[in-house]
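sequence plus the predicted model coming up.
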Amino acid sequence: MSLAKDSKKDFDFIVIGAGISGPFVAHELCKKGASVLMLEAGPHFNRDTYPCKEIDSNSQLYWGGGIELNTDADLGILRPKVVGGGSIVNQALVDRFDKIALDSWKEVSGADFFNQEKLAPWYDAAEAELAIQEIPAKYRNGNALIFKEGFEKNGFNWAPLIRAQKDCRFDDGNDCIECLSGCRIDSKQSTPVTVLKRAFELGLVLESQFEAKTVRWTPEVVTVMGVNRYGEHKSYRAKKIVLGAGAIGNSRLLLNSGFKKSLPALGRNFYSHPQSMLLGLYDRPINAHKGPLQSLKSNDATFRANYFKLENVFAPPVAIAMLVPGLARRHLSVMKRYAHMACVEVAVRDTNPGEISVASSGRARVFKRLNSFDRDTQAKGFKAIHQIFKATGVREIVDGRFSIGLHLMGGLNLGTDPVRSVTSPDFHLHGYKNIYSADSSIFPNAPGINPSLTIMAISKMAAAKIIQQAS
Ligand SMILES: Cc1cc2nc3c(=O)[nH]c(=O)nc-3n(C[C@H](O)[C@H](O)[C@H](O)COP(=O)(O)OP(=O)(O)OC[C@H]3O[C@@H](n4cnc5c(N)ncnc54)[C@H](O)[C@@H]3O)c2cc1C
């Protein structure tokens, strides 16, 4: 890995954002011998340098010092800012999309490659870049066992979760709750230990702690202007650029660069799978923070038809403390029972699109509300979770006090219609044949399924199209 020293050099490609999509696209471009510069706003850590304390990792790995809010201040937005992006902070759960999600995408976007057969080779190619495992039943912790028992007593169907991990060394007593702030044993298959590493070997140049502020476009060359780690204003040029800054990052960059006039749908169609965590307080210790953090999920056709899914999940103490309602003694009395908490989360497949805009300061503003259908969906999930806890001897149930958006999607939605969408089925912006995107911003709507494997597959597909168009 080297730093871009010569800002006068023209690259074949600049990739903005070193999250999940950016590295997958960059790797393919480097394989073809292209000169590629990657710009990432966040810092570059490795297994020895990831921040250890929860409070430090929140402030050092996320935009907004840990959490951002929508304009109504009732949705917490978690947006990674680090080399590796979401792959550093996420749970690495990898699922292919089902027919329900892809049929809906095809209908909304008009892109016929959104079907399971056409995407299968790209899913295969993405999976080949990773080690993927199902967590063996013997490692399920107390939280997972409550999830399983509660599901079975209520007649709900569950399934094991599939994770992108190599060797989590559970026999050595590893607690994977820690890897929410970067994996210290390089087991989690983040992009820095997979495709990014391979791209560096092929000559990828990375400048971390460089925030792209605006983009200036001509048909021949695109200039990216921004601020580096020393506070200096710099610009880089390339024949083509690839936007991999995520739903909010891409929308903000293009809005601040004046693209809204030619791309009226820019910033619209924002979805977030709002997730709510409910805590069950038990008399016995559950130790949800021990061993594999998550190992089971709902696999229930009724839940899917009702637009929600459940996962067994937990979080470190600061995050749990933010979710627990009440103040002073009441709050403390719940937090003291941290080791006695079980936790189940409901994720809503949201149907009411939000909109990303920019304030006069240039900061992103996210307008996002649940409509009555989404609120009903959420209530159905809450009801199922209460049933699970009640069937397993819970003492008290604490509903998390606000929802969180972790799967940030849309803003540059893909479609055939240049008025209602931003990104064409060839992955360039409508009317701009040298500006591409294939990350979570191009999602046409909320799939209701963990997005990262599909981001990887689509990024591979997009890279093949970009290479084809360049030759
Ligand atoms: C706590 C958590 C748990 C999750 N768990 C899962 C899971 O288990 N499974 C799953 O499938 N998904 C999960 N997700 C979601 C998943 O990680 C994201 O959907 C995915 O990372 C999106 O990929 P991306 O490439 O579109 O963007 P990101 O991974 O968000 O990467 C975008 C990058 O662009 C950078 N950037 C933004 N603006 C600029 C700029 N102006 N200049 C330079 N750089 C910029 C950002 O700093 C960031 O590093 C989780 C997310 C979170 C937060």
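Arrived safely, thanks for sending.

need the per-residue pLDDT for the closest residue to the ligand within the stretch 51-200 of the chain.
Proximity to the ligand, evaluated over the stretch 51-200 of the chain using C-beta to the nearest ligand atom, is greatest for Gly86 at 1.9 Å. The way it works is simple: take the backbone N, C-alpha and C, and place the C-beta from them, glycine included. On the pLDDT scale, Gly86 is placed at 98.

who touches the residue lying closest to it once chain neighbours are set aside in this structure?
In this structure, Gly86 finds its nearest non-sequential neighbour in Pro80, 5.0 Å apart by C-beta to C-beta, 6 or more residues apart in numbering. Contacts for Pro80 (C-beta atoms under 8 Å, 6 or more residues apart in numbering) come out as 19, 42, 61-63, 86, 88-90.

partners of Pro80 in the sheet?
Beta-bridge pairing for Pro80 (DSSP bridges): Tyr62.

what does Ala159 give?
With DSSP bridges as the rule, Ala159 is bridged to Lys297.

then Arg216?
Beta bridges link Arg216 to Thr223, judged by DSSP bridges.

burial count for it?
13 (other C-beta atoms under 10 Å).

in this structure Ser272 contacts Lys368, no?
Yes: applying C-beta atoms under 8 Å as the test, Ser272 and Lys368 come out as touching, 6.3 Å apart.

show me how the record splits this structure into domains.
1-44+95-129+190-264+412-471, 70-75+134-180+272-406 (automatic domain parsing).

which of those domains sits closest to Pro51?
domain 1-44+95-129+190-264+412-471 (9.8 Å; C-beta to C-beta).

quick one: mean pLDDT for that closest one?
On average, domain 1-44+95-129+190-264+412-471 scores 95.

cool, and stretch 295-308?
The model assigns stretch 295-308 a mean pLDDT of 97.

that one vs the ligand: in contact?
No: using C-beta under 6 Å from any ligand atom, stretch 295-308 never reaches the ligand; the gap is at least 10.1 Å.

give the contact list for Met322.
67, 76.

hmm, 10 Å instead?
58, 66-67, 76, 315, 400-402, 404 (C-beta atoms under 10 Å, 6 or more residues apart in numbering).

gap between the residue in the stretch 251-400 of the chain that the ligand sits nearest to and Leu75?
In the stretch 251-400 of the chain, the residue that lies nearest the ligand is Leu253 (5.1 Å; C-beta to the nearest ligand atom). For Leu253, the distance to Leu75 equals 22 Å [C-beta to C-beta, to the nearest Å].

which one's more surrounded, these two?
Neighbours were counted for Leu253 and for Leu75 using other C-beta under 10 Å; Leu253 has more, 24 against 21.

what secondary structure does the more buried one sit in?
Following DSSP: H, G, I helix; E, B strand; the rest coil, Leu253 is assigned to helix.

sorry, back to before: which of Ser272 and Lys368 has more neighbours?
Per other C-beta under 10 Å, whichever of Ser272 and Lys368 has more neighbours is Ser272, with 27 against 24.

excluding its backbone neighbours, what's nearest the more buried one?
Nearest to Ser272 is Gly405, by C-beta to C-beta, 6+ apart, at 3.1 Å.

bridged to that neighbour, which residues?
So, taking DSSP bridges as the rule, Gly405 has Ile77 as bridge partners.

pretty sure it sits against Arg369.
No: if you go by C-beta atoms under 10 Å, Gly405 and Arg369 don't touch, sitting 12.0 Å apart.

overlap of the contact sets of these two?
70, 75, 350, 354.

and those residues, which is closest to Arg330?
Leu75 (24.1 Å).

wait, the closest one sits on Glu68?
Yes: using C-beta under 10 Å, Leu75 is in contact with Glu68, at 9.4 Å.

any shared contact partners between the two?
What both Leu75 and Glu68 touch, as defined by C-beta under 10 Å, 6+ apart, is the set 366, 405.

follow-up on the earlier one: so Gly405 and Arg369 - more neighbours on which side?
Neighbours were counted for Gly405 and for Arg369 using other C-beta under 10 Å; Gly405 has more, 26 against 15.
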